[in-house]
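> model this:
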Amino acid sequence: MTSGGASSTAQRWAAGAVRGVTRIPGCRRLLLSRPVAATGFGIATALAFLWGTVLFGRHRRAPGVHVIAGLPRWSFGRGGTTIGAVYLTRDVTSDRVLTHEAVHVTQWRHYGLSLPILYLAAGSEARTNRFEIEAGLVDGGYLPG
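Predicted coordinates:
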């Protein structure tokens, strides 16, 4: 788990936002509706492609995910980050990791632009974050395997 005020503050803000949305009748259903989620997924994917292209990344297709590799380390989190249908990384592209990231693509498809807030609210510790658990902690490199 990362320490520091910024992470915990962001986590508390995200958790509060999620609680607030669930109190508004119909809001959760609207945000997770197919048209809204699909639009968010498309926007996130387009922005990730743009980010990877501007930074001169190399694009390839893998099962369930577009990979843009060769990026500077500051341009993504941890070993790589999936945004929409795009996995941004420098060189972490094993089959196991790409299987893990393909699950995150499915999550983006389901939650759309709600995913970053939900992910943040789920916590920064991968072993207790429901999105990382669903994607597979071993495949994601969070546990030995």
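> Please count neighbours and contacts with C-alpha atoms only from this point.
Will do.
> Quick one: list the elements packing against the strand or helix carrying Leu50.
Element membership for Leu50, per DSSP states H and E: helix 34-54. When contacts are defined as 3 or more CA pairs under 8 Å, 6 or more residues apart in numbering; DSSP states H and E, helix 34-54 sits against strand 80-83, strand 86-89, helix 95-111.
> what's the most buried one of those?
Most buried of the helices and strands packed on helix 34-54, by mean neighbour count (mean count of other CA atoms under 10 Å): strand 86-89, with a mean of 28.
> where does that strand sit relative to the chain's centre, distance-wise?
Computed by CA atoms, centre = their mean, to the nearest Å, the separation of strand 86-89 from the middle of its chain amounts to 10 Å.
> Over to stretch 40-51?
The answer for stretch 40-51 is 12 Å, by CA atoms, centre = their mean.
> List the buried residues of it.
Buried residues in stretch 40-51, counted by 16 or more other CA atoms under 10 Å: 40-46, 48-49, 51.
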